[in-house]
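Asks: Quick one: sequence and predicted model below, then my questions.
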There are 2 protein chains.
Amino acid sequence: MRHFADEAPAAALESDTVSPVRAMTAAGEANRERILDAALACFARTGLNGTRIEAIALGAGLSKTNLLYYFRSKNALYLAVLTRTLDMWLEPLRAIDADRDPRAALSHYITAKLAAARDHPEASRLFALEVMQGAPMLSAVLATDLKALVDGKVALLRRWQDEGRLKPHDPHHLLFQIWATTQHYADFATQVEQLTGATLADPAFFERTREAILASILGAVLPECAPAAILRQPASPSAREP
Amino acid sequence: MRHFADEAPAAALESDTVSPVRAMTAAGEANRERILDAALACFARTGLNGTRIEAIALGAGLSKTNLLYYFRSKNALYLAVLTRTLDMWLEPLRAIDADRDPRAALSHYITAKLAAARDHPEASRLFALEVMQGAPMLSAVLATDLKALVDGKVALLRRWQDEGRLKPHDPHHLLFQIWATTQHYADFATQVEQLTGATLADPAFFERTREAILASILGAVLPECAPAAILRQPASPSAREP
DNA sequence: CACAGACTTGACCATCCGATCAATTGTGGT
DNA sequence: ACCACAATTGATCGGATGGTCAAGTCTGTG
């Protein structure tokens, strides 16, 4: 019997290559992966509470009991899926490069995020579900890792602004806008498809989407376009409004 | 025994003021409302599967059995919450007015949506959860009511573009961007607060957020600012990208 | 070949939770 | 005061489901 991570968000998962006399079989590793894939698909569609452990097992092609041999509990599995997906999900943000020109950096970031929304919508939905429920399993990671990562990029954006290479625009809101607009096409794919009849899988639609996002976001932060007194009318920040 | 709506998405709920000999007591009506409020709070936080019917009863201040006297099943209650909230949620979109000047109309819409995200974040999360899971209970309504509403507004936006009062910008994407950016601050409030330390409840933060959104979206569609050749570098729509 | 330990299985348990029922209390109208 | 019906309650059922157990089978290594 060899069991793995459980509840603890800081779980170290397997690690220990000191191997307990004999390590995990190739078949075992393959099963673990298949389980994680199936679990991602299920959790992203129906959430933690909505998915039955048996459905995941079915998707992975093994029995419920056998699945529980690899992951001691549904929570442990959920956590494993979460951590496995997180790195991939944050990769594009990490890749924003101080050495590159701001326009290229932001343009690449937006494109990468939109491509991720197209290629891994389940990952997007998984995190969206988790965060929307208050991130009960992820709050620690968010408050440390993500915070640090974002702080760094915010500083970079500020520097670019100070150098006059970006228009003044709150860096946090810039990031939020990018996240929101790109992930929207993954998280609300159902709605998008019902209203437009298209999906990001359609290259033409992808390109139109990309251009629409680039137009509004780059237009707001790149200095070549005169600011134009866009904000003029009364604020009325509290009105529910007609 | 008087029971109400059940599964059917097209449920007519109570209606019938023809009263079966004696209508519902004032206390009864009040209870119904309290249940719906409590249910909204719970469903928005933990989703349909994640909330126990007893938690809602507790939040509403009555017993589980008593709650089931007012709503014959958890699904019926969920559906009732959904439909009760939908009207309020779509109101700002309906209010986009052909008679108004495009700038004012869009600015008002964005402000109203952001205010709604601030004042009714649970509503936002409720629909987000529902749509993200494929809108199992709402797909019918979305495909008809919402579709019709959106089609109308898209036509209006197109007209404005044809008249030169808006820059060419796919109307669907414009709406999606507005929805995504405003609702993000409700749906991902946890994350936003962890990263910025602020909430929409803070008037200064609300105003900064509003300005950031207006700047990018209005900047992209209002004609006073020269387009500027923002989209120039290679598309590479498929690259995952470094 | 033998054996240790990874892998797999089917039967089973315990509990949670949505829902029903029978019975009681409260209340507005006549 | 009485009655019909709304409102409320506690007991209880039954199905679903997460998780355990004991008993295997398979496989690489000594």
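Replies: Right, received. Where do you want to start? Numbers count the residues shown, from 1 in each chain, chains lettered A, B, ... in the order given.
Asks: only C-alpha atoms for contact and neighbour calcs from this point on.
Replies: Fine.
Asks: just how off-centre is the one helix or strand in chain A whose mean pLDDT sits lowest within its chain?
Replies: In chain A, no helix or strand scores lower on mean pLDDT, DSSP states H and E than helix A:139-141, which sits at a mean of 91. How far helix A:139-141 lies from its chain's middle: 14 Å, per Cα atoms, centre = their mean, to the nearest Å.
Asks: quick one: buried residues of that helix?
Replies: A:Ser139 (16 or more other Cα atoms under 10 Å in any protein chain shown).
Asks: try stretch A:78-98
Replies: A:78-83, A:85-86, A:89, A:91-93, A:96-97.
Asks: any chance of the residues you listed in CSV, plus secondary structure, distance to DNA strand C and pLDDT?
Replies: Shown next, in CSV, are those (DSSP: H, G, I helix; E, B strand; the rest coil; distance: Cα to the nearest atom of the strand, whole Å; pLDDT from 0 to 100):
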residue, secondary structure, distance to DNA strand C, pLDDT
A:Tyr78, helix, 18, 97
A:Leu79, helix, 19, 96
A:Ala80, helix, 17, 97
A:Val81, helix, 18, 97
A:Leu82, helix, 22, 97
A:Thr83, helix, 21, 95
A:Thr85, helix, 22, 96
A:Leu86, helix, 25, 95
A:Trp89, helix, 28, 95
A:Glu91, helix, 30, 96
A:Pro92, helix, 33, 97
A:Leu93, helix, 35, 97
A:Ile96, coil, 39, 94
A:Asp97, coil, 41, 89
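Asks: near chain B too, which of these?
Replies: Of the residues in the buried residues of stretch A:78-98, proximity to chain B by Cα under 8 Å from any Cα of the partner chain holds for A:Glu91, A:Pro92.
Asks: Would you mind listing the two of the buried residues of stretch A:78-98 that lie farthest apart?
Replies: A:Tyr78 and A:Asp97 (32.1 Å; Cα to Cα).
Asks: What ranges does chain A have for its helices?
Replies: When secondary structure is read from DSSP state H, chain A shows helices at A:26-50, A:53-60, A:64-70, A:74-94, A:102-119, A:121-132, A:139-141, A:147-162, A:171-187, A:189-196, A:203-221.
Asks: would you turn those helices into a markdown table with distance to B:Gln177?
Replies: Shown next, in a markdown table, are the helices of chain A (distance: least, Cα to Cα, whole Å):
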| stretch | distance to B:Gln177 |
| --- | --- |
| helix A:26-50 | 23 |
| helix A:53-60 | 34 |
| helix A:64-70 | 41 |
| helix A:74-94 | 20 |
| helix A:102-119 | 13 |
| helix A:121-132 | 17 |
| helix A:139-141 | 27 |
| helix A:147-162 | 22 |
| helix A:171-187 | 6 |
| helix A:189-196 | 11 |
| helix A:203-221 | 8 |
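Asks: give me the number of residues near A:Arg159?
Replies: Here the number of neighbours of A:Arg159 (other Cα atoms under 10 Å in any protein chain shown) works out to 14.
Asks: Distance-wise, check it relative to B:Leu195.
Replies: 19 Å (Cα to Cα, to the nearest Å).
Asks: for A:Ala80, same thing?
Replies: Distance, A:Ala80 to B:Leu195, using Cα to Cα: 24 Å.
Asks: do A:Tyr185 as well
Replies: For A:Tyr185, the distance to B:Leu195 - Cα to Cα - is 23 Å.
Asks: quick one, which of these two is more surrounded?
Replies: A:Tyr185 (25 against 18).
Asks: For the more buried one, give me its contacts.
Replies: A:Leu114, A:Ala117, A:Arg118, A:Val192, A:Leu200 (Cα atoms under 8 Å, 6 or more residues apart in numbering or on different chains).
Asks: what does the model give the last one for pLDDT?
Replies: A:Leu200 is assigned a predicted lDDT (pLDDT) of 98.
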